[in-house]
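In: what follows is a protein structure lacking sequence information:
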């Protein structure tokens, strides 16, 4: 349950930051659209959110998280898999199933 809540919070923060970034990056394409009017005009002029948009508070975590994730994935791209061990486990499981079927058939 806790992992789900953390993921939901991260998703909410990430989606607002990503939407803000995309509205800034593709401003010319968003003229006269709902997203353009919400993020380009309405949200930037609200008292509370004005500072977030003027000082790019939403974009800082977006780029920081992207940078940290890129560095982590470059340093440790994936866990090493020992293919030989995996194949031996599968063979043992197949032998066990075959033995069980032989016992059941007799």
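Out: Nice, I can see it. No experiment lies behind these values; they were computed from the predicted model shown.

In: give me the below-cutoff pLDDT ranges for this protein.
Out: Applying pLDDT under 70 to the chain picks out residues 79-81.

In: which residues of it fall in helices?
Out: Under the criterion DSSP state H, the chain carries helices at the ranges 2-25, 34-37, 47-54, 59-75, 83-105.

In: give me the neighbour count for residue 25.
Out: Neighbour count of residue 25, defined by other Cβ atoms under 10 Å: 10. For glycine as for every other residue, the C-beta is placed from the backbone atoms N, C-alpha and C.

In: meant to ask about residue 45, not that
Out: Neighbours around residue 45, by other Cβ under 10 Å: 10.

In: and if you look at the one 4 residues further on?
Out: Counted with other Cβ under 10 Å, residues neighbouring residue 49 total 17.

In: what does residue 26 give?
Out: If you count neighbours by other Cβ under 10 Å, residue 26 ends up with 11.

In: check residue 103 too.
Out: 8.

In: likewise residue 96?
Out: 10.

In: over to residue 73?
Out: Around residue 73 there are 10 residues (other Cβ under 10 Å).

In: measure it to residue 13 for me?
Out: 20 Å (Cβ to Cβ, to the nearest Å).

In: ok, now residue 22?
Out: Distance from residue 22 to residue 13, by Cβ to Cβ: 15 Å.

In: residue contacts, residue 61?
Out: 13, 17 (Cβ atoms under 8 Å, 6 or more residues apart in numbering).

In: didn't residue 23 look like it was pressed against residue 41?
Out: No - assessed by Cβ atoms under 8 Å, residue 23 is found out of contact with residue 41, at 10.6 Å.

In: what about these two, which has more around it?
Out: residue 23 (20 against 9).

In: so what's the residue nearest to the more buried one when sequence neighbours are not counted up against?
Out: Using Cβ to Cβ, 6 or more residues apart in numbering and skipping residues adjacent in sequence, the residue nearest residue 23 is residue 39, 4.2 Å away. Residue 39 makes contacts with 19, 20, 23, as judged by Cβ under 8 Å, 6+ apart.
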